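> Next input, structure requested:
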Amino acid sequence: MTLGDLDFTPLSENDIPLLKTYLAKSDYEESNHNLVNLLMWQHQYPLFKYISENWILLLGIHEGTLFLYMPLCERRYLLDAIEQASAIFHNAGIKFVMSAYTADVKDRILEKYPEYCFCSPRESYDYVYEREKLITLSGKKLQKRRNHYNAFMRLYGSKYRFEPIEKHIDQCRKLLETWKSDIDDDFLYFERLGTEYVLDNFDVLQAQGGCILINDQVEGFIIGSYGSKRMVQINIEKANDQIRGIYQVLESEFLSHYFTDCELVNREDDLGKQNLRDAKMASVPLYLIEKYRICEEVNYDCQGGCKG
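Numbers count the residues shown, from 1 in each chain. Model (predicted):
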């Protein structure tokens with residue numbers, strides 16, 4: 001893909017080592033700028049990259065609109081990267097649109113470009129939790145989730161095992177084949193493709209995962225990765241929905257075994273789906289991460305209302 005005089009190439013697993021380096025420099029706490037997420041959703045949202053000495057520019061496509069992710073770089077290079085990206089868009093005759101920007105990055109850009117407008121779609125907000133709370137499910141507000149957890153333990157407490165996902169990749173694939181297979185939904189289709197990609201490339205991704213086995217059969221699995229130095233991001237959770245409490249046990253076991261240096265858990269956004277929003281709110285988030293879409297034209301059709 002060519003924009004102006006600069007070449008952008010598709011992102012692939014071959015870029016993982018370099019992406020890890022630049023993501024670490026960026027230290028963003030936002031679910032879209034996460035190694036696993038960037039790669040697993042490419043079937044639905046293809047990505048293109050441009051690599052310079054001090055930053056990586058990532059271009060995404062959503063509903064036919066080309067947009068720029070937050071530049072992957074040290075913060076001192078942020079505005080320089082934005083300036084170059086703006087020039088690339090202008091030279092190609094394309095509207096300059098930025099998406100999935102955190103509030104602090106958005107504010108720095110608007111200081112330099114006060115004429116830009118922005119919006120903050122509610123469905124894009126990330127849900128962040130205290131890691132310890134998801135392990136213990138303590139407190140009155142988590143009573144319903146604790147009831148689900150206890151129901152699982154009463155039925156399967158002596159029958160289940162939690163083991164590393166690497167030992168059971170094939171069984172995870174079999175579970176994925178049947179997971180919500182009766183539902184015709186584009187999002188679930190692409191989510192399944194992305195999950196297959198992660199399972200196929202698990203050994204090269206910076207991720208950890210675990211499975212719940214009952215009677216030696218995988219009934220659920222979970223995969224997470226670093227969202228920042230202090231935050232683990234839950235990328236994938238799949239389980240037999242007929243088993244009450246299995247998701248609560250999956251999360252508790254996973255967070256007890258992996259990423260023990262993290263204090264926060266990012267369970268990503270709700271996509272505007274009410275059932276997901278209800279479930280994420282029921283887990284009592286510590287806070288939400290607001291994300292912004294930024295563009296040059298005040299009349300741009302921003303979801304949630306464009307503010308100039």
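
> Which residues are in contact with Lys144?
Residues near Lys144 by Cβ atoms under 8 Å, 6 or more residues apart in numbering: Ala282. Yep, even glycine has a C-beta here, placed from its N, CA and C like the rest.

> how about 10 Å then?
137, 248, 282-283 (Cβ atoms under 10 Å, 6 or more residues apart in numbering).

> Just the buried ones from the residues you listed, in PyMOL syntax?
Applied in PyMOL, the following selects the buried portion of the contacts of Lys144 according to 16 or more other Cβ atoms under 10 Å:
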select buried, resi 137+248+283
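
> pLDDT weak spots in the stretch 201-308 of the chain?
The model of the stretch 201-308 of the chain has pLDDT under 70 over residues 298-308.

> Would you map the strands across it?
According to DSSP state E, counting those that start in this stretch, the stretch 201-308 of the chain carries its strands in the segments 207-214, 217-226, 231-239, 264-266, 287-289, 291-295.

> out of the contacts of Lys144, which one sits closest to Gln242?
Gln248 (14.8 Å; Cβ to Cβ).

> so that closest one touches Leu142, yeah?
Yes: under the criterion of Cβ atoms under 10 Å, Gln248 makes contact with Leu142 at 9.3 Å.

> Tyr101: which of the strands of the stretch 201-308 of the chain is closest?
When these are compared (using Cβ to Cβ), the closest one is strand 291-295, at 4.6 Å.

> Can you spell out which helices and strands pack onto that closest one?
When contacts are defined as 3 or more Cβ pairs under 10 Å, 6 or more residues apart in numbering; DSSP states H and E, strand 291-295 packs onto strand 65-68, strand 97-102, helix 103-112, strand 117-119.

> Just list whatever residues bridge to the residue nearest to Asn34 when sequence neighbours are not counted.
Leaving aside its chain neighbours, Asn34 sits nearest to Gln233 (5.3 Å; criterion: Cβ to Cβ, 6 or more residues apart in numbering). Gln233 has these beta-bridge partners by DSSP bridges: Ser225, Asn266.

> Is Gln233 in contact with Phe254, as I believe?
No: under the criterion of Cβ under 10 Å, Gln233 makes no contact with Phe254, lying 11.9 Å away.

> those helices in the stretch 151-300 of the chain, which residues are they?
For the stretch 151-300 of the chain, the helices defined by DSSP state H, counting those that start in this stretch occupy 169-178, 186-200, 246-257, 274-282.

> Just put those helices in TSV and tack on distance to Gly60.
Below are the helices of the stretch 151-300 of the chain laid out as TSV (distance: least, Cβ to Cβ, whole Å):
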stretch	distance to Gly60
helix 169-178	25
helix 186-200	14
helix 246-257	29
helix 274-282	21
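
> okay, those helices, which one's buried deepest?
Ranked by mean neighbour count, the helices of the stretch 151-300 of the chain are led by helix 246-257 with a mean of 21 (mean count of other Cβ atoms under 10 Å).
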